[in-house]
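**Q** Sharing a model prediction with you, sequence too.
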Amino acid sequence: MSSKNTFFNLIIVLLIAAFFIVSGEALYPTLVNAEDNQPYYISNYNSNVILSPDGAAIFEESITYRLQQDIDEPIAIVKPIPMGYSSQIEDIEVLRREERDPSNSVNNTEADYEWKPLVSVDDYLDAYDDAYYMTPADEDEEVYHIVIPIQGSKHDEVQFVYRYKMLDTVFLYRDTAVFYWRFIEPEQGIKVDNINIDISMPGAESVEEWNGYAKGTVHAAKELLEEDGVFRISAQDIPKESYLDSVLLLPNALFPEGRKIIDNEVAEEVLYDMSLWEDESERIRKEKELQFYGSWGIAAISILLCIGTALLLYIKTRTSKKQMLLYMEYDGNDLPDPSLSPAEVGVLMKGKPGVSELLATVLKLIQERFLELQGMESREGILRLREDMQTGKLKAHEEYILYWLIVDLGNKNTLSLAILDELLASFKKKYRSRISTWESLIFGRTGKYDAWEKITTLKAWGIGAVLVSLIAAVLSGWILGNHFAALLVGIFAFALTIYVIVLKKPSEAVLKQKAQWKMFGEELKKKLDQGTSHAAHIPLDKWEEYLIYAIPLDIGSEIFDKLLQIYKNRDFEDGNLTILYNTNHSWLNYSLRRPFM
């Protein structure tokens, strides 16, 4: 192997290794999430909050949890309650959505479900199925947890409604009233697919007199509905490390019965904090949008580069019809290249030998009188090794077939045609090792002439495009965080790498030979189509040779049929004939038409 080929092979191995590194990087976050998943996440979170004139907040929250694994032993669903924002919690209700008839759960409608109230217990060990347990989780932060044990299968959804009243939740400063609440705690570590929050005020006010914002996730959108007196927050795809706070500034007049009075001013500070957060959120959103569209832009350019490079390499290595016509310099009088065996012609035309080439090789051994067909009249034909043969004229792959058939499969002198038929029918299935050896001998022979042009420059261009694409994949995945785009670019880069590996351009000598052999087959059919006057100029024993070479050209049965139509039956009783002798027609006809040919 040349040093140049060794270098290219090394480059290709490195490119394939780089592809798997990029693919692993792109898939790593998904694999990590699959291994480190919480047992459940929140698929839908709807919260309705009503603020009362006394500063209390009445919550009704519907939360749907989706299980991410099979849960056989009960685990805890946790709903945090930030008690630090109020003085007391009252009127707690927890309801679970359940089927009225679990035995018949096909095509259920809403009427087939009911809300089952859960009872409060003092110990988690007592909280099974229809109970919940409330416990302090963080005394410093004054966070309490509502804990509900659940079981279920992967992808099951469990829906709960939490109702409770938080007293003295609105802070009354000298210049404004403030409602502050944390809906999602970062300590939960649970992603939320979709969340909608409506906070209703105790009275309608002009939108100019109240304001609000959401903090903690840049994905949140806010809306002030003046007619309904509602502050609405919505967000999608909140990652598990995020939180969601709501801050609402309202006129003090809305809470005449409020008790949490603080003797200082805070509106300016809150508005300043709001401004800073919204500016930061906008910056982060734009940055993420730039990363997202930038990564897809890089990926699109890289994918187009891979496709364009593959198309260019195809155009540069293909052979046009016009070029093929220039190679067809054949007078039609004899074999284009008598030095090639039928098996080598098959490799030249198809790229690899098959069962047709094996049959053609056997027929050539018969036609050149190394083997002799006997006993065809009794339908128990055999191949007999001729004693006067001289194997010196045979090529290595032909000699291999001769001794394999007679010595290994036969009795060192003869071979039953039934065994030969079985060999042709099973081909690689039963004799894979033997067939592989025979193929290697054919390829060794055909490799002696320069079959392929050197396309080092073209392959270098292809490798360059692959390198650029892999760099783009790393940039999209590692730097810009778009792992799916990185994986997609890696796949196209890998496909281009494989294409570069198998890319070949036949040499002019090979193209010329293929064109001439194709024209040879067309000339044979033309002579037979023109009738006896043209075909008769060629002796039948010569037609035997032509028939053998017609088999790897996939026109063997067609040539055989036309010979039977043109020549009379007595013409095939010539003792100089071998495979075309009259008594051999039945077996030959069957062999040329077998299903695997």
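**A** Cool, the structure landed.
**Q** Might you report the residue contacts of the residue lying closest to residue 441 once chain neighbours are set aside?
**A** Distances taken as Cβ to Cβ, 6 or more residues apart in numbering put residue 397 closest to residue 441, at 3.8 Å, once the chain neighbours are dropped. Every residue, glycine included, has its C-beta placed from N, CA and C. Applying Cβ atoms under 8 Å, 6 or more residues apart in numbering, we find residue 397 in contact with 341, 343, 361, 438, 441, 442, 445.
**Q** what do you get for residue 178?
**A** Per Cβ under 8 Å, 6+ apart, neighbours of residue 178: 170, 171, 247, 248, 249, 250, 266, 270.
**Q** The last one - that's part of a strand, no?
**A** No - with DSSP: H, G, I helix; E, B strand; the rest coil as the criterion, residue 270 is assigned helix and is not in a strand.
**Q** That one reaches residue 248, doesn't it?
**A** No - Residue 270 is beyond contact range of residue 248, at 9.8 Å (criterion: Cβ atoms under 8 Å).
**Q** between those two, which one's more packed in?
**A** Using other Cβ atoms under 10 Å, the more surrounded residue of residue 270 and residue 248 is residue 248, with 25 against 21.
**Q** next one: the one helix or strand the more buried one maps to to chain centre, how far?
**A** Using DSSP states H and E, residue 248 falls within strand 244-250. On the basis of Cα atoms, centre = their mean, to the nearest Å, strand 244-250 sits 45 Å off its chain's mean C-alpha point.
**Q** From the contact counts, what lies against that strand?
**A** Strand 244-250 sits against strand 177-184, strand 192-200, strand 211-215, strand 230-238, helix 267-317, with contacts defined as 3 or more Cβ pairs under 8 Å, 6 or more residues apart in numbering; DSSP states H and E.
**Q** coming back round to it: so which of the contacts of residue 397 sit within helices?
**A** 343, 361, 438, 441, 442, 445 (DSSP state H).
**Q** Report the contact partners of the third one.
**A** Residues in contact with residue 438, defined by Cβ under 8 Å, 6+ apart, are 353, 358, 397, 400, 401, 404.
**Q** among those residues, which ones are buried?
**A** Buried members of those, scored by 16 or more other Cβ atoms under 10 Å, are 353, 358, 397, 400, 401, 404.
**Q** so how far is stretch 480-499 off the chain centroid?
**A** 11 Å.
**Q** Buried residues of that stretch, list them for me.
**A** Within stretch 480-499, the residues scored as buried using 16+ other Cβ under 10 Å are 480, 482-494, 496-497, 499.
**Q** got it, and stretch 87-101?
**A** In stretch 87-101, counting by 16+ other Cβ under 10 Å, buried: 94, 95, 96, 97.
**Q** Ramachandran coordinates for residue 431?
**A** phi -120, psi 50 (degrees, to the nearest 10).
**Q** brain fart, residue 54
**A** Main-chain torsions, residue 54, degrees, to the nearest 10: phi -90, psi 10.
**Q** Chain neighbours aside, what residue packs nearest to it?
**A** residue 257 (3.8 Å).
**Q** For residue 48, see how far away the one you found is.
**A** Here the criterion is Cβ to Cβ, to the nearest Å. By it, residue 257 lies 21 Å from residue 48.
**Q** Would you mind telling me which of these two has the busier surroundings?
**A** residue 48 (16 against 10).
**Q** returning to that earlier point: in JSON lines: the helices and strands packed on strand 244-250, plus distance to residue 511 and mean pLDDT.
**A** JSON lines is the format used below for the helices and strands packed on strand 244-250 (distance: least, Cβ to Cβ, whole Å; pLDDT from 0 to 100):
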{"stretch": "strand 177-184", "distance to residue 511": "69", "mean pLDDT": "90"}
{"stretch": "strand 192-200", "distance to residue 511": "60", "mean pLDDT": "92"}
{"stretch": "strand 211-215", "distance to residue 511": "70", "mean pLDDT": "84"}
{"stretch": "strand 230-238", "distance to residue 511": "57", "mean pLDDT": "88"}
{"stretch": "helix 267-317", "distance to residue 511": "11", "mean pLDDT": "87"}
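**Q** The residue lying farthest from the centre of the chain: which element?
**A** Note on the chain: the largest C-alpha distance from the chain mean falls to residue 263, namely 64.2 Å (Cα atoms, centre = their mean). For residue 263, there is no host helix or strand (DSSP H and E).
**Q** dump the residue contacts of it.
**A** Neighbouring residues of residue 263 by Cβ under 8 Å, 6+ apart: residue 174.
**Q** mind running it again at 10 Å?
**A** 172, 173, 174 (Cβ atoms under 10 Å, 6 or more residues apart in numbering).
**Q** got it, and residue 444?
**A** 395, 396, 397.
**Q** Please flag which of these sit within helices.
**A** Those of the contacts of residue 444 lying in helices (DSSP H): 396, 397.
**Q** In CSV: the contacts of residue 444, plus distance to residue 241 and pLDDT.
**A** Output for the contacts of residue 444, formatted as CSV (distance: Cβ to Cβ, whole Å; pLDDT from 0 to 100):
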residue, distance to residue 241, pLDDT
395, 72, 90
396, 69, 90
397, 67, 92
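**Q** got the contacts of residue 444 as TSV, with distance to residue 581 columns?
**A** Formatted as TSV, these follow (distance: Cβ to Cβ, whole Å):
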residue	distance to residue 581
395	25
396	29
397	26
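**Q** out of the contacts of residue 444, which one sits closest to residue 294?
**A** Of all the contacts of residue 444, residue 294 sits closest to residue 397, with 58.1 Å by Cβ to Cβ.
**Q** my read: residue 483 touches residue 476, true?
**A** Yes - judged on Cβ atoms under 10 Å, residue 483 makes contact with residue 476 at a distance of 8.1 Å.
**Q** Verify the stated contact: residue 200 with residue 227.
**A** No - using Cβ under 10 Å, residue 200 is not in contact with residue 227; the gap is 12.0 Å.
**Q** If you count surrounding residues, which of the two has more?
**A** Taking neighbours as other Cβ under 10 Å, residue 200 and residue 227 compare with residue 200 leading, 16 against 7.
**Q** Let me know the distance separating the more buried one from residue 268.
**A** From residue 200 to residue 268 the distance is 26 Å (Cβ to Cβ).
**Q** next one: residue 90
**A** Look at residue 90 and residue 268: by Cβ to Cβ, they are 34 Å apart.
**Q** Just want the most central residue of the chain.
**A** For the chain, the residue lying nearest the average C-alpha position, counting by Cα atoms, centre = their mean, turns out to be residue 491 (8.5 Å).
**Q** does that residue count as helix, strand or coil?
**A** Relying on three-state DSSP, one would call residue 491 helix.
**Q** List just the nearest of the contacts of residue 263 to residue 432.
**A** Using Cβ to Cβ, residue 173 comes nearest to residue 432 of those, at 87.5 Å.
**Q** Tell me, how many residues neighbour the closest residue to that closest one other than its chain neighbours?
**A** Among residues not flanking residue 173 along the chain, residue 266 sits closest, at 4.6 Å (Cβ to Cβ, 6+ apart). Residues within reach of residue 266, counting by other Cβ under 10 Å, total 17.
**Q** residues touching residue 266, list them.
**A** 171, 173, 174, 175, 176, 177, 178, 249, 273.
**Q** If you go by neighbour count, which of these are buried?
**A** 171, 173, 176, 177, 178, 249.
**Q** Overlap of the contact sets of residue 270 and residue 248?
**A** In terms of Cβ under 10 Å, 6+ apart, residue 270 and residue 248 are both contacted by the residues 176, 178, 180, 211, 212, 213.
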